[in-house]
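**Student:** Here is a sequence with its predicted model. Questions after.
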Amino acid sequence: MSIYLKMKIFSGSAHPQFAERLCEHLPEFKKGSINISRFADSEINICINESVRQETCFVIQPTGPSLDKSPNDNFMELLITIDALKRGSAKSVIAVMPYYGYERQDRKDYSRAPISASVIARCLEAVNVDRVITYDLHAGQIAGFFSNKCPVDNLYAEPYFIKYIKNNLLGKNVNLEQIVIVAPDEGAVKQSTRISSRLGCSAATIFKSRNKPNEIGMMKLMGEVEGKLAIIVDDLIDTGGTACKACQILLENGATDVYMLACHGLFSRDALQKIENSGFKKVIVSNTLPIINENIEKSEKIEYIDVSWLCSEAIKRQVEGRSLNELYDSNDFSKYY
């Protein structure tokens with residue numbers, strides 16, 4: 001009997017499009033039937049419409065903002081769904097969170113500050129989730145907020161970034177010597193270094209300070225960008241403040257064009273307006289989060305790439321007991337999107 005017969009995928013309401021793409025990559029898995037509704041007082045109601053006894057269930061739910069729901073709504077929905085499956089005697093439940101909400105609140109950086117990313121981990125363990133699969137955590141230590149009873153698979157979008165650069169930016173008029181990979185802050189240095197090393201091009205870093213959350217203070221460029229095509233890489237873009245100021249600094253220092261590659265596109269507040277008015281040639285993000293504004297989809301400066309294959313392969317390897325590191329060992333990225 002095939003091991004996949006006891007596997008089911010359940011989609012939350014935050015990002016059903018991502019769940020559909022996963023199901024297309026995983027035809028061996030059955031898509032579970034679930035009803036998600038609201039009671040009269042707006043509390044969430046979950047109904048699993050089929051038996052899950054002794055089955056392995058994957059719940060697809062990013063916990064960032066969606067079209068009509070807050071991160072809090074989407075996270076609560078995920079918790080209740082996991083609880084419903086556990087109470088239905090599922091053998092194991094894996095939370096597939098393409099975006100891990102509250103991930104930037106990962107440390108105590110001022111007096112009496114909460115470490116909210118840790119609270120999220122404890123809540124997930126409280127409903128006995130067996131594993132978490134996510135993309136590009138803002139800080140690797142978040143995986144350490146979970147006990148060893150709940151392993152965390154943190155997937156990286158870097159292969160997609162490298163393939164995009166090779167297929168869309170390198171060409172007749174641009175070679176690797178004319179490209180520089182830029183970290184917009186100290187937190188992105190490891191990622192930018194890995195990508196520049198894989199490509200064989202130069203790297204630069206912008207050091208910044210914050211006056212308060214979502215408000216940038218000083219920014220200083222370290223590295224040579226004059227006469228080069230600059231590519232900013234980061235785990236996410238939120239209000240666009242850091243990204244657009246970084247773009248301005250790069251152009252002022254002689255960069256010919258500026259692109260940005262980020263895994264998660266939140267586009268909060270007036271981010272779209274900032275990007276449209278900026279010097280960016282293009283901002284490329286993945287589809288880990290739903291598009292919450294139709295104007296984002298219409299923008300000629302914003303492009304989405306599909307990273308669902310990587311998640312589907314991680315799910316398949318988890319079921320089959322195979323390594324995930326092998327996905328990143330090769331320089332052949334032809335399989336990515």
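**Tutor:** Perfect, thanks for sending it.
**Student:** okay, now the closest residue to residue 94 other than its chain neighbours: neighbour count?
**Tutor:** Nearest non-adjacent residue to residue 94, counting by C-beta to C-beta, 6 or more residues apart in numbering: residue 131, 4.5 Å away. All C-beta spots, glycine's among them, are computed from the backbone N, C-alpha and C. The number of residues packed near residue 131 is 18, by other C-beta atoms under 10 Å.
**Student:** contacting residues around residue 131?
**Tutor:** Shown in contact with residue 131 (C-beta atoms under 8 Å, 6 or more residues apart in numbering): 92, 94-95, 150-153, 318.
**Student:** From those residues, which land in helices?
**Tutor:** Judged by DSSP state H, those include residue 318 as members of helices.
**Student:** Buried ones among the contacts of residue 131?
**Tutor:** Neighbour counting with 16 or more other C-beta atoms under 10 Å marks 94-95, 150, 152-153, 318 as buried within those.
**Student:** Identify, from those, the entry nearest to residue 45.
**Tutor:** Checking these against residue 45 with C-beta to C-beta, the nearest one is residue 95 at 19.5 Å.
**Student:** List the residues that contact the closest one.
**Tutor:** 59, 61, 78, 82, 124, 129, 131-133.
**Student:** Name the nearest of these relative to residue 277.
**Tutor:** residue 61 (33.6 Å).
**Student:** That closest one against residue 100, yeah?
**Tutor:** No - Residue 61 lies out of contact with residue 100 (C-beta atoms under 8 Å); the separation is 10.8 Å.
**Student:** re earlier: want to throw the buried ones among the contacts of residue 131 into TSV with pLDDT and distance to residue 114?
**Tutor:** As requested, the buried ones among the contacts of residue 131 are exported to TSV (pLDDT from 0 to 100; distance: C-beta to C-beta, whole Å):
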residue	pLDDT	distance to residue 114
94	98	27
95	98	21
150	98	21
152	98	20
153	97	26
318	92	31
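**Student:** The closest residue to residue 153 other than its chain neighbours: which element?
**Tutor:** Take residue 153 and drop its neighbours on the chain: the residue closest to it by C-beta to C-beta, 6+ apart is residue 133, 4.6 Å away. Residue 133 is part of strand 131-135, with elements assigned from DSSP states H and E.
**Student:** who does that strand pair up with?
**Tutor:** strand 92-97 (parallel), strand 152-155 (parallel) (DSSP bridges).
**Student:** give the contact list for the closest residue to residue 253 other than its chain neighbours.
**Tutor:** Leaving aside its chain neighbours, residue 253 sits nearest to residue 225 (5.2 Å; criterion: C-beta to C-beta, 6+ apart). With contact set as C-beta under 8 Å, 6+ apart, residue 225 has these partners: 180, 182, 204, 250, 253-255.
**Student:** so what's residue 34 bridging to?
**Tutor:** residue 48.
**Student:** Low-confidence stretches in this protein?
**Tutor:** Confidence mapping of the chain against pLDDT under 70 gives the ranges 1, 210-217, 330-337.
**Student:** can you tell me which strand in it is longest?
**Tutor:** strand 202-212 (DSSP state E).
**Student:** residues of it that come out buried?
**Tutor:** 202-206, 208.
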